[in-house]
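K.L.:
Fold the following for me, if possible:
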Amino acid sequence: MKKMKSNSQIRIVDITEKQEYENYLYRCLAPMPFRRYARRQEYLQKAIPKGFRKKLLIFDGNVVGTIEYAPAEASGYPITGNNVIAMNCIWVLRKAKGHNFGKLLMKDMMKNEKNASGFATIALEDHWSPWFEKWQMEKLGFKPIDSISVTHKTKHEDQVFTIYLMWMPKKKNAKPPTMNWQKLLQGETFCMAHPLYRPQTWKDSILELKQ
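P.N.:
The predicted structure is shown next:
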């Protein structure tokens with residue numbers, strides 16, 4: 001992507017309940033065909049009434065970034081916390097790097113969640129995916145507060161990687177969130193493109209804890 005011009009247009013659009021952007025509610029920015037799959041639909045039906053939001057960053061008419069978040073009780077992760085907002089995902093296309101679009105999306109989330117005590121998410125280290133890397137989340141302002149080491153049961157079975165619970169308090173003396181690690185080992189079902197996604201045909205936990 002070319003260097004940003006002074007007249008470049010940047011918009012952050014809330015697509016949570018906008019039918020014209022429905023495909024982005026299901027496939028994110030991943031190069032995947034659009035389809036309504038049951039687990040995602042079930043998640044959205046439960047999460048949207050509880051405060052789930054999904055937004056797109058549009059740069060000169062092109063969708064180049066996205067952020068998805070919800071109160072902890074409506075999160076895609078088994079995170080528990082008092083007045084905590086959990087970020088399911090943040091993603092800026094590689095071709096759009098260098099413009100601080102990730103920080104713009106974060107700033108928009110924090111601006112619109114003024115009453116939150118803080119923000120939580122996950123991060124990965126030594127995982128083969130380029131998404132949710134720990135250094136990326138730290139660059140956005142998150143800090144690790146807990147972690148486990150795991151292997152995947154169907155992909156790169158011998159590769160041990162670490163999952164972190166990341167935290168960014170917003171209010172003084174905010175109580176940090178907790179993660180139900182045992183439940184997280186089951187894998188995620190709210191997004192097919194997620195690095196921890198558990199396929200519908202897989203009935204057992206998709207991750208194995210390593211001491």
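
K.L.:
Need the mean per-residue confidence for stretch 106-116.
P.N.:
Stretch 106-116 shows a mean pLDDT of 96 in the predicted model.

K.L.:
buried set for it?
P.N.:
Using 16 or more other CB atoms under 10 Å as the test for burial, stretch 106-116 gives Met106, Asp108, Met109, Met110, Glu113, Ala116. Yep, even glycine has a C-beta here, placed from its N, CA and C like the rest.

K.L.:
any idea which of the residues you listed is the one closest to Pro144?
P.N.:
If you rank those by distance to Pro144 using CB to CB, Met106 comes first, at 17.0 Å.

K.L.:
and that closest one, what does it touch?
P.N.:
Contact analysis of Met106 by CB atoms under 8 Å, 6 or more residues apart in numbering lists Ile67, Ile90, Leu140, Gly141.

K.L.:
Now do the first one against Lys111, distance only.
P.N.:
Between Ile67 and Lys111 the computed distance is 12 Å (CB to CB, to the nearest Å).

K.L.:
how distant is stretch 53-72 from the center of its chain?
P.N.:
11 Å (CA atoms, centre = their mean, to the nearest Å).

K.L.:
and the end-to-end length of that stretch?
P.N.:
12 Å (CA to CA, to the nearest Å).

K.L.:
Tabulate the CA atom coordinates of the worst-scoring helix or strand of the chain on mean pLDDT in CSV.
P.N.:
Ranked by mean pLDDT, DSSP states H and E, the weakest helix or strand in the chain is helix 22-27, scoring a mean of 82. Extracted C-alpha coordinates of helix 22-27, given in CSV (Å, rounded to 0.1, in the frame of the first residue of the first chain):
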residue,chain,number,x,y,z
GLU,A,22,-23.0,-9.2,6.8
ASN,A,23,-20.3,-11.1,5.0
TYR,A,24,-17.6,-9.4,7.3
LEU,A,25,-19.5,-10.6,10.4
TYR,A,26,-18.7,-14.2,9.3
ARG,A,27,-15.4,-14.3,7.4
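
K.L.:
from the chain's centre, how far out does it sit?
P.N.:
Distance, centroid of helix 22-27 to centroid of chain: 14 Å (CA atoms, centre = their mean).

K.L.:
what packs against it?
P.N.:
helix 38-47, strand 53-59 (3 or more CB pairs under 8 Å, 6 or more residues apart in numbering; DSSP states H and E).

K.L.:
between the longest one and strand 53-59, how big is the angle?
P.N.:
Put simply, helix 38-47 runs at 110 degrees to strand 53-59, going by axes from the mean of the first three to the mean of the last three CA atoms, to 10 degrees.

K.L.:
So what sits opposite the most centrally placed residue in the chain in the bridge?
P.N.:
By CA atoms, centre = their mean, the chain has its centre lying nearest to Cys89, at 1.5 Å. Beta-bridge partners of Cys89, counted by DSSP bridges, are Glu68.

K.L.:
Surely it and Thr66 touch.
P.N.:
Yes: if you go by CB atoms under 8 Å, Cys89 and Thr66 touch, sitting 7.0 Å apart.

K.L.:
anything in contact with each of the two?
P.N.:
Cys28.

K.L.:
Show the subsequent helix or strand relative to the longest helix along the chain.
P.N.:
If you go by DSSP state H, the chain has its longest helix at helix 101-112. Later in the chain than helix 101-112, the nearest helix or strand by DSSP states H and E is strand 118-125.
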